[in-house]
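Q: Need coordinates for the following:
(one chain, ligands or ions: 1)
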Amino acid sequence: MLQGPYDVWETALANAQGVLKLGETLFGAPEEVLAAGESWRQRIRSMPILPTNILMGDSMLLRRAHQVLAFLVHFYVHSIPTDSATGSIVVPRSLVAPLMAVSEALEIAPVLTYSDTVLWNWELIDPELPATFENMRFGRILFGGSDAERNFYHGSARTELVGVEILHIIHEYHNLPNVSDLSSVRKINRLLERLAACIEDISSSIQAMREEVDPLAFYWEARPWWNGSGSGPDAPVWIYEGVGDTSKLDLSGPSAGQSSVMHAIDLFLDIDHKLQQRRYPAPSKENKRADHGFMARMRRYMPGKHRKYLEWIAKSPRPLRSVAQDTPVIREHYNAAVAALKKLRDLHIRVACLYVVTMSHTRPPPSCPVAAVLRRMEREAARQGPATGTGGNELSVLLKAGRDATTRAVLRAN
Ligand code: HEM
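A: Numbering: from 1, shown residues only. As a prediction, this is how the structure comes out:
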């Protein structure tokens with residue numbers, strides 16, 4: 001927790017969940033609910049602009065400041081009753097100025113990110129015991145606080161912990177004395193078997209989320225809080241008060257596409273999301289019209305240190321795929337790891353389509369106020385075009401392009 005002058009941020013956050021509701025559910029809400037929300041937002045607007053120099057140099061404080069401020073920004077924007085939200089929403093300077101400063105220090109986007117909702121969003125159940133998955137409580141900060149929201153963070157974190165083993169694998173590979181003698185080749189094959197097992201573990205985790213995260217609550221109650229600026233054709237654009245040109249900022253909100261673990265696997269196996277290599281089978285028409293910059297853009301939502309690690313893998317002096325290409329006994333193990341990743345992406349497409357595309361054709365759950373339900377359904381019905389993901393990309397085209405780019409990494413005999 002931040003202390004001293006920053007208590008004012010922590011207090012605003014502590015009050016937010018009890019007071020604020022999603023703006024799109026507020027149509028026809030009682031006057032006192034609307035007034036309580038407006039009074040919370042008024043207090044945010046009149047907060048002092050706090051200097052951040054005391055936080056600089058302490059990465060734990062910087063992370064907490066980013067997390068608290070980014071949650072406050074999303075609480076602020078998404079609690080505004082939809083009827084009063086016009087084409088743009090001004091995010092007040094009291095949040096923007098310190099958020100910009102801490103984001104610059106962490107080299108991360110000035111908006112809610114996967115780091116805020118998952119990587120940094122836990123606490124120890126028993127502080128005396130070590131940080132094992134069993135001793136960690138996820139979803140320390142929540143928006144609506146539904147089980148779907150908490151379990152989504154929890155399930156995503158489970159996949160991140162598999163990342164520890166993946167980091168070891170990448171490290172061990174780069175520490176091998178060479179990639180050609182028999183002993184090293186055997187080790188590479190064992191590393192690739194371990195990598196395939198890790199990827200299967202991530203698949204099992206995603207599969208388990210099907211049981212743990214209720215799709216209706218995910219779509220209607222949790223996901224709207226995560227939306228960033230201009231997240232759909234009729235969604236308002238955010239203006240960061242005091243920042244010259246907000247449209248130049250990365251403000252699309254959190255996505256598991258920002259998971260450094262998934263990017264590390266992709267880079268280690270050399271998955272060509274940007275379609276820069278000539279590989280087989282050639283990209284389909286749909287693949288070609290996907291957003292090829294998505295994964296690269298998502299890296300800007302990671303802390304700078306994660307991004308630098310990924311850049312290091314990308315510049316590996318011994319690129320694994322080339323090594324496998326040149327060494328037939330490694331090729332089969334490399335292909336098995338790629339096949340596991342392709343399977344993961346197949347499963348992920350099914351899950352993401354169920355949670356987003358299918359749910360976009362459903363009615364909100366009974367917990368939503370009736371009037372608000374009708375309003376939102378009218379809007380959904382009026383909306384044209386396919387379901388979109390973070391930043392407004394066309395969801396199924398994007399995810400299938402990622403899956404097909406994975407398939408194209410498979411090596412064939414020379
Ligand atoms: C209920 C579970 C999940 C749902 C509904 C879901 C949904 C989505 C959606 C809608 C996208 C499109 C981009 C966006 O909107 O941000 C996406 C992308 C992505 N998600 Fe998930 N996701 C889930 C779980 C996970 C987990 C646990 C991971 C692993 C950390 C993950 C990794 C990714 C990655 C890496 C992308 C970028 C596209 C790709 O690599 O294929 N997702 N997800």
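
Q: tell me which element the closest residue to residue 5 other than its chain neighbours falls in.
A: Leaving aside its sequence neighbours, residue 5 sits nearest to residue 50 (Cβ to Cβ, 6 or more residues apart in numbering; 5.5 Å). Just so you know, the C-beta spots here come from the backbone N, C-alpha and C atoms, and that holds for glycine as well. Residue 50 is part of no helix or strand when elements are defined by DSSP states H and E.

Q: tell me the contacts of residue 50?
A: 5-6, 8-9, 94, 98 (Cβ atoms under 8 Å, 6 or more residues apart in numbering).

Q: Distance to residue 60 and secondary structure for these - can I get that in JSON lines?
A: Shown next, in JSON lines, are the contacts of residue 50 (distance: Cβ to Cβ, whole Å; DSSP: H, G, I helix; E, B strand; the rest coil):
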{"residue": "5", "distance to residue 60": "17", "secondary structure": "helix"}
{"residue": "6", "distance to residue 60": "13", "secondary structure": "helix"}
{"residue": "8", "distance to residue 60": "19", "secondary structure": "helix"}
{"residue": "9", "distance to residue 60": "15", "secondary structure": "helix"}
{"residue": "94", "distance to residue 60": "23", "secondary structure": "helix"}
{"residue": "98", "distance to residue 60": "16", "secondary structure": "helix"}
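
Q: For the single nearest residue of the stretch 301-414 of the chain relative to the ligand, which non-adjacent residue is closest in space?
A: Per Cβ to the nearest ligand atom, residue 389 is where the stretch 301-414 of the chain lies closest to the ligand, at 2.4 Å. Leaving aside its sequence neighbours, residue 389 sits nearest to residue 395 (Cβ to Cβ, 6+ apart; 4.5 Å).

Q: Secondary structure of residue 70: a strand, I assume?
A: No. Under the criterion used here (DSSP: H, G, I helix; E, B strand; the rest coil), residue 70 is helix, not part of a strand.

Q: Check which helix or strand residue 239 maps to.
A: Here residue 239 is assigned to strand 237-240, by DSSP H and E.

Q: Buried residues, that strand. List them.
A: Neighbour-count burial for strand 237-240 flags 238-240 (criterion: 16 or more other Cβ atoms under 10 Å).

Q: Need the contact partners of the next helix or strand after that strand.
A: Once strand 237-240 ends, the next helix or strand along the chain (criterion: DSSP H and E) is helix 260-269. By Cβ under 8 Å, 6+ apart, the surrounding residues in contact with helix 260-269 are 159-160, 162-163, 166-167, 169-170, 173, 195, 199, 202, 256, 273, 295, 298-299, 302, 306, 309-310, 313-314, 316, 320-321, 334, 337-338, 341, 409.

Q: do that again at 7 Å, thanks
A: Here helix 260-269 makes contact (Cβ atoms under 7 Å, 6 or more residues apart in numbering) with 159-160, 162-163, 166, 170, 199, 273, 295, 299, 302, 306, 310, 313-314, 320-321, 337-338, 341, 409.

Q: Now do the helices in the stretch 301-414 of the chain.
A: 304-314, 320-326, 328-352, 370-382, 395-407 (DSSP state H, counting those that start in this stretch).

Q: weakest of the ones you listed by average pLDDT?
A: Within these, the stretch with the lowest mean pLDDT is helix 370-382, showing a mean of 61.

Q: that older thread, what residues are up against the residue nearest to residue 389?
A: 352, 356-357, 386-389.

Q: Buried ones from the residues you listed, can you make that a ChimeraX selection?
A: Buried subset of the contacts of residue 395, written as a ChimeraX selection, criterion 16+ other Cβ under 10 Å:
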select :352,356,357,387,388,389
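
Q: Of the contacts of residue 395, which belong to strands?
A: Among those, no member is found in strands (DSSP state E).

Q: Which of the contacts of residue 395 sits closest to residue 147?
A: Residue 147 lies nearest to residue 356 out of these, by Cβ to Cβ, at 18.5 Å.

Q: So for the closest one, what's the pLDDT?
A: At residue 356, pLDDT is 95.

Q: wait, it sits on residue 386?
A: No. Using Cβ atoms under 7 Å, residue 356 is not in contact with residue 386; the gap is 10.1 Å.

Q: Against residue 83, how distant is residue 325?
A: Distance of residue 325 to residue 83, computed by Cβ to Cβ, to the nearest Å: 59 Å.

Q: wait, I meant residue 104
A: Distance, residue 104 to residue 83, using Cβ to Cβ: 35 Å.

Q: Tell me which residues are up against stretch 63-81.
A: 2, 9-10, 12-13, 16, 20-23, 26, 34, 37, 41, 44, 52, 55, 89, 91, 95, 98-99, 102-103, 106, 108, 111-112, 116, 120, 141, 224-225, 238.

Q: Buried ones only from those residues, please, as a PyMOL command.
A: Buried members of the contacts of stretch 63-81, defined by 16+ other Cβ under 10 Å, are picked up in PyMOL with:
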select buried, resi 2+9+12+13+16+20+21+22+23+26+37+41+44+52+55+89+91+95+98+99+102+103+106+108+111+112+116+120+141+224+225+238
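
Q: In strands, which of the contacts of stretch 63-81 appear?
A: Using DSSP E, the contacts of stretch 63-81 in strands are 89, 91, 238.

Q: contacting residues around the second one?
A: Yep, that's residue 91 we're talking about. Taking Cβ under 7 Å, 6+ apart as the test, what residue 91 contacts is 73, 76-77, 238-241.

Q: mind giving me JSON lines with those residues and columns for distance to the ligand?
A: JSON lines is the format used below for the contacts of residue 91 (distance: Cβ to the nearest ligand atom, whole Å):
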{"residue": "73", "distance to the ligand": "18"}
{"residue": "76", "distance to the ligand": "22"}
{"residue": "77", "distance to the ligand": "18"}
{"residue": "238", "distance to the ligand": "18"}
{"residue": "239", "distance to the ligand": "23"}
{"residue": "240", "distance to the ligand": "21"}
{"residue": "241", "distance to the ligand": "27"}
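
Q: Nearest to residue 278, out of those residues: which one, please.
A: residue 238 (40.3 Å).

Q: Number of residues surrounding the nearest residue to that closest one once chain neighbours are set aside?
A: Closest residue to residue 238 apart from its sequence neighbours, by Cβ to Cβ, 6+ apart: residue 229 at 3.8 Å. Neighbours of residue 229 under the rule other Cβ atoms under 10 Å: 24.

Q: repeat for residue 207
A: When neighbours are defined as other Cβ under 10 Å, residue 207 has 15 of them.
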